[in-house]
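> I would like to see how this sequence folds:
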Amino acid sequence: MLFTMRHITLLCLSSAFAYSGTWSGTLVDSKCFAIAELNVNPTDTLTYVDRDQNQELRLCSAGTKTKSFAIVQHDGVSFNLDSTGNAKAAEIVRKTARKSTLAVVVTGEMSGKTIKVDSISMDR
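Below is the predicted model of the structure:
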């Protein structure tokens, strides 16, 4: 019985750290977006009310020179992409050659705040 309980405990703990899923949102330059998110008045208690996230998304939209990507969901939560995801996202950006924001769907495994990307495609 003890052997089984250890396995169940390990299974529960490992599922809390990584899980598979699908996420959709806007593809952005992760470094630019992180800086934009931190660019607030430290004494302001209403930071989410005072910020224009659409402007941040446009300002930090992914470009051909972007090396590190993130996806920002519609609720404002962002997740970084792993190195494989960065390469796949760069390919999408090169193929589209658009200056506007890119809506994408990412499938993979979440580990912390980073998605280990299996696939990434344009959200139509």
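
> Could you point out the helix or strand that follows whichever strand in the chain runs longest?
Taking DSSP state E as the criterion, the chain has its longest strand at strand 18-29. Per DSSP states H and E, strand 18-29 leads on to helix 30-38 as the next helix or strand towards the C-terminus.

> Give me the buried positions along that next one.
In terms of neighbour count (16 or more other Cβ atoms under 10 Å), helix 30-38 has its buried residues at 30, 32-34, 36-37. C-betas here are computed from N, CA, C, even on glycine.

> What is the nearest of the residues you listed to Ser111?
Ser30 (15.4 Å; Cβ to Cβ).

> tell me the SS of Ser121?
Of the three states, Ser121 takes strand according to DSSP: H, G, I helix; E, B strand; the rest coil.

> Quick check: closest non-adjacent residue to it.
Val105 (5.5 Å; Cβ to Cβ, 6 or more residues apart in numbering).

> for the one you found, which residues make a bridge with it?
Beta bridges link Val105 to Ser24, Ser121, judged by DSSP bridges.

> The residue most central in space within the chain in helix, strand or coil?
Nearest to the geometric centre of the chain sits Phe79, at 2.4 Å (Cα atoms, centre = their mean). Assigned by three-state DSSP, the conformation of Phe79 is strand.

> about what we covered before: and the residue nearest to Ser121, how far is that from Glu37?
Using Cβ to Cβ, to the nearest Å, Val105 is found at 22 Å from Glu37.

> Good, wrapping up.
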